[in-house]
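In: fold the following for me, if possible:
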Amino acid sequence: MRKIKVAVIGCGPLANSTHIKAYMANPTSEIKYFCDQQLERAEKAVADFGCGEAISDYRVILDDPEVEAVSICTPNHVHAPISIACMRAGKHVLCEKPAARTYEEALEMQRVQHETGKVLIIGVVNRFNTGVNLIKKMIDDGELGELYHIYASFRSHRSIPGLGGTFTTKSIAGGGVLIDWGIHFLDIVMYCSGDPKPLTVSGQAYCKLGKDMENYAYTKMWAGPPKFDGTYDVDDFVTAMVRTEGPSITLNGAWAQNIGENEMYIDFLGDKAGIRLQYGKEFKVYSFKDGVLYETKPEFNAVDAFQNEIDSFLACIDSGEKLPSHIDTVILSTQIIQAIYDSSERRTEINLTGEA
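Out: Predicted coordinates for the structure are as follows:
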């Protein structure tokens with residue numbers, strides 16, 4: 001069995017808890033480099049996982065012909081340049097979500113993928129989730145009838161990550177709750193409905209509750225403590241409506257809201273049945289027959305989505321299979337997110353058809 005030599009660029013919590021463990025569990029992969037600008041994080045990965053070499057400059061990877069595959073787990077602002085450099089150096093790339101800060105950056109990534117022919121998949125891991133794929137199959141098989149509308153809610157009471165840090169700095173992250181949480185929800189919606197072409201987008205994003213950073217009240221803060229000398233210029237609430245060639249889509253998302261409820265679900269509305277998916281958890285099917293209403297909660301064995309994603313990435317390098325998370329598909333979600341931000345800034349609906 002041949003081993004595919006891999007480099008992991010960015011050794012933060014996500015890489016350590018998902019990507020690295022999944023590569024270690026796959027017998028066809030061997031991690032050669034752990035790379036992080038903070039060298040101590042790469043060195044810790046070497047010590048924790050007992051393999052590889054710690055480096056701080058990803059260009060070392062570009063010059064090593066042994067490395068075939070790269071996982072990019074960096075902040076968003078370097079997703080595009082590192083992905084592009086790796087592909088041009090002959091590497092296959094799994095880049096964490098979002099693909100990039102902007103649709104323009106994602107388009108350049110796509111152009112280079114077409115130019116080089118190297119694999120470029122984006123870490124929209126829910127496309128490798130068992131429950132999500134069951135829902136997709138039900139929709140594809142017509143069990144919901146006509147899927148006419150999908151609603152997504154990803155709202156938390158007070159949950160801004162790392163106030164003043166990379167998550168809340170637009171020049172680094174590209175946006176706030178929409179680009180961080182919303183990409184996962186929107187991508188599930190697009191995937192399960194067959195990735196329909198978006199037609200028009202209307203949205204509004206708000207930067208409200210975190211602006212006065214020193215007086216922001218919260219119970220806990222993931223991604224590090226507040227940095228009051230940092231920046232907060234991203235959205236903490238977003239609402240949008242999207243018309244597609246398939247179903248219409250509406251969403252509401254909040255890192256922070258003055259309502260003490262946390263909601264993380266997606267509703268799929270068909271004329272024969274409907275489904276509510278609790279994000280990362282179970283789903284229920286609502287149907288009817290002969291005047292009787294039914295509520296069903298499917299039970300199933302779920303695979304680890306991150307392991308499935310990494311296994312599929314490594315396998316497609318040799319097989320040539322085009323995965324569901326290929327840049328050609330995922331770029332639709334990036335286009336919609338860009339259109340929501342553009343609509344909010346211009347305070348008008350965005351037409352994506354090219355027609356007047």
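In: please identify the helix or strand for the closest residue to residue 33 other than its chain neighbours.
Out: Excluding its sequence neighbours, the residue lying closest to residue 33 (CB to CB, 6 or more residues apart in numbering) is residue 7, at 4.0 Å. C-beta: built from backbone N, CA, C; applies to glycine. Assigned by DSSP states H and E, residue 7 belongs to strand 4-9.
In: now for that strand, which elements pack on it?
Out: With contacts defined as 3 or more CB pairs under 8 Å, 6 or more residues apart in numbering; DSSP states H and E, strand 4-9 has these neighbours: helix 20-25, strand 29-35, strand 67-72.
In: ok, residues contacting the helix or strand of the chain with the lowest mean pLDDT?
Out: Every helix and strand of the chain was ranked by mean pLDDT, DSSP states H and E. The lowest is helix 13-14, at a mean of 92. Helix 13-14 has contacts (CB atoms under 8 Å, 6 or more residues apart in numbering) with 73, 96.
In: go on, stretch 41-57?
Out: Residues contacting stretch 41-57 (CB under 8 Å, 6+ apart): 8, 11-12, 15-16, 20, 24, 30-39, 61.
In: returning to what we had before: compile the helices and strands packed on strand 4-9 into a markdown table and extend it with columns for mean pLDDT.
Out: Formatted as a markdown table, those follow (pLDDT from 0 to 100):
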| stretch | mean pLDDT |
| --- | --- |
| helix 20-25 | 97 |
| strand 29-35 | 98 |
| strand 67-72 | 98 |
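In: can I get these in TSV including distance to residue 331 and mean neighbour count?
Out: Rendered in TSV, the data for the helices and strands packed on strand 4-9 read as follows (distance: least, CB to CB, whole Å; neighbours: other CB atoms under 10 Å):
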stretch	distance to residue 331	mean neighbour count
helix 20-25	24	19
strand 29-35	26	23
strand 67-72	16	24
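In: between these, which gets nearest to residue 287?
Out: Distance to residue 287, taken as CB to CB, is lowest for helix 20-25 among those, at 36.1 Å.
In: for that closest one, packing partners?
Out: So helix 20-25, by 3+ CB pairs under 8 Å, 6+ apart, packs with strand 4-9, strand 29-35, helix 39-49, helix 305-319.
In: and the angle for the shortest one with helix 39-49?
Out: Counting by axes from the mean of the first three to the mean of the last three CA atoms, to 10 degrees, strand 4-9 lies at 140 degrees to helix 39-49.
In: only C-alpha atoms, please: export strand 4-9 in CSV.
Out: This file holds the C-alpha atoms of strand 4-9, laid out as CSV (Å, rounded to 0.1, in the frame of the first residue of the first chain):
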residue,chain,number,x,y,z
ILE,A,4,0.6,9.7,0.4
LYS,A,5,2.8,12.2,2.2
VAL,A,6,0.8,15.1,3.6
ALA,A,7,1.5,18.5,5.1
VAL,A,8,-0.9,20.3,7.5
ILE,A,9,-0.7,24.1,7.3
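In: contacting residues around that strand?
Out: With contact meaning CB under 8 Å, 6+ apart, strand 4-9 is reached by 15, 19-20, 23, 28-36, 45, 58, 61, 64, 66-74, 82, 91, 314, 317.
In: ditto for stretch 59-74
Out: Defining contact as CB under 8 Å, 6+ apart, one finds that stretch 59-74 is touched by 4-12, 14-15, 19, 23, 29, 32-33, 35, 55, 79, 82-83, 85-86, 89-96, 119, 310, 313-314, 317.
In: okay but residue 87 is in contact with residue 118, surely?
Out: Yes. Between residue 87 and residue 118 a contact is recorded at 4.4 Å, counting by CB atoms under 8 Å.
In: any idea which helix or strand comes after the lengthiest helix in the chain?
Out: Using DSSP state H to assign secondary structure, the helix with the most residues in the chain is helix 327-346. Moving toward the C-terminus from helix 327-346, the next helix or strand (DSSP H and E) is strand 350-351.
In: list the pairing partners of that next one within its sheet, with orientation.
Out: strand 198-206 (antiparallel) (DSSP bridges).
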